[in-house]
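one predicted model, sequence on top.
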Amino acid sequence: MQYEGTVYRPPSEARSLIVQVTVGCAHNTCTFCTMYKDKKFKIRPLADILADFDEAAMLYGGHIRRIFLADGDALIVKTEMLIQILTYIWEKFPNLERVTAYGTTQDILHKSEEELMQLKAAGLDMVYMGIESGDPQVLKDVKKGVTREEMIEAGRKLKRCGILCSATLISGLGGRQRLREHAIASASLISAIKPDYVGFLTLMIDPQAPVYSKIVSGEL
């Protein structure tokens, strides 16, 4: 198994087999995040990815029930290649129950509904969306790179195509100044998408995060 840099995964994937399909995050400008700042984004060669699954099958075989495709936005990979990966792993692991991945709003919107339905048919069960906030001003401040409306469309698009949607919000991201706006707009966004799961996480700042200086100065 080959891993490059620190590997991150959603809390619910604690017991999953994790294989990097991509390294890093293609967006990688969010001011609160340092997870992929030390990595240069790339899509791994298909042969290397499949070799990792071969090794995992040899080591763990029938014990694998869940697989998480890392890193930050595996859904950016071309649909044809993702279908090859999904087909391979569903054949490789006899007791596999689900396959999941992170997917940015941009990734979801760039794929057609036909492509997303093909991925569902090939075995992609759920996509984790880092929504963070429903407040347009907060999204702009943290350099999320997408609008509230785009996130709603992406979440609804996943659901129309039969793929489960797990959305993540971050408490505290608006600071005291926009606490109310952040809370209410986030709630209304979730009501608009109606995701299958919602994670409401607490803002934990790495001193290396760009937003840290605003907290130290009192601006946030």
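Sure, I can see it.

how about the strands in the chain?
For the chain, the strands defined by DSSP state E occupy 17-20, 22-23, 42-43, 66-70, 98-102, 126-132, 164-171, 197-202.

beta-bridge partners for the residue nearest to the spatial centre of the chain, please?
Nearest to the geometric centre of the chain sits Tyr102, at 2.2 Å (C-alpha atoms, centre = their mean). Counting by DSSP bridges, Tyr102 forms beta bridges with Tyr128.

now Cys30: how far from Lys159?
Cys30 sits 24 Å away from Lys159, going by C-beta to C-beta, to the nearest Å. (Glycine included, C-beta is placed from N, CA and C.)

got the strands of the chain as JSON lines, with distance to Ala185 and mean pLDDT columns?
Shown next, in JSON lines, are these (distance: least, C-beta to C-beta, whole Å; pLDDT from 0 to 100):
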{"stretch": "strand 17-20", "distance to Ala185": "32", "mean pLDDT": "97"}
{"stretch": "strand 22-23", "distance to Ala185": "30", "mean pLDDT": "96"}
{"stretch": "strand 42-43", "distance to Ala185": "34", "mean pLDDT": "96"}
{"stretch": "strand 66-70", "distance to Ala185": "29", "mean pLDDT": "98"}
{"stretch": "strand 98-102", "distance to Ala185": "23", "mean pLDDT": "97"}
{"stretch": "strand 126-132", "distance to Ala185": "11", "mean pLDDT": "96"}
{"stretch": "strand 164-171", "distance to Ala185": "10", "mean pLDDT": "96"}
{"stretch": "strand 197-202", "distance to Ala185": "14", "mean pLDDT": "93"}
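
which of those sits closest to Gly145?
strand 126-132 (10.9 Å; C-beta to C-beta).

how far out from the middle of the chain is the closest one?
5 Å (C-alpha atoms, centre = their mean, to the nearest Å).

which secondary structure elements does that strand contact?
Other helices and strands packing on strand 126-132, by 3 or more C-beta pairs under 8 Å, 6 or more residues apart in numbering; DSSP states H and E, are strand 98-102, helix 105-110, helix 148-160, strand 164-171, helix 179-193.

right, so those: which one is the most enclosed?
Comparing those on average neighbours per residue, with mean count of other C-beta atoms under 10 Å, the densest one is strand 98-102 at a mean of 23.

turn the helices and strands packed on strand 126-132 into JSON lines, columns for distance to Glu80.
What follows is these, written out as JSON lines (distance: least, C-beta to C-beta, whole Å):
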{"stretch": "strand 98-102", "distance to Glu80": "16"}
{"stretch": "helix 105-110", "distance to Glu80": "14"}
{"stretch": "helix 148-160", "distance to Glu80": "20"}
{"stretch": "strand 164-171", "distance to Glu80": "22"}
{"stretch": "helix 179-193", "distance to Glu80": "28"}
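
quick one: which of the ones you listed is nearest Arg44?
strand 98-102 (13.5 Å).
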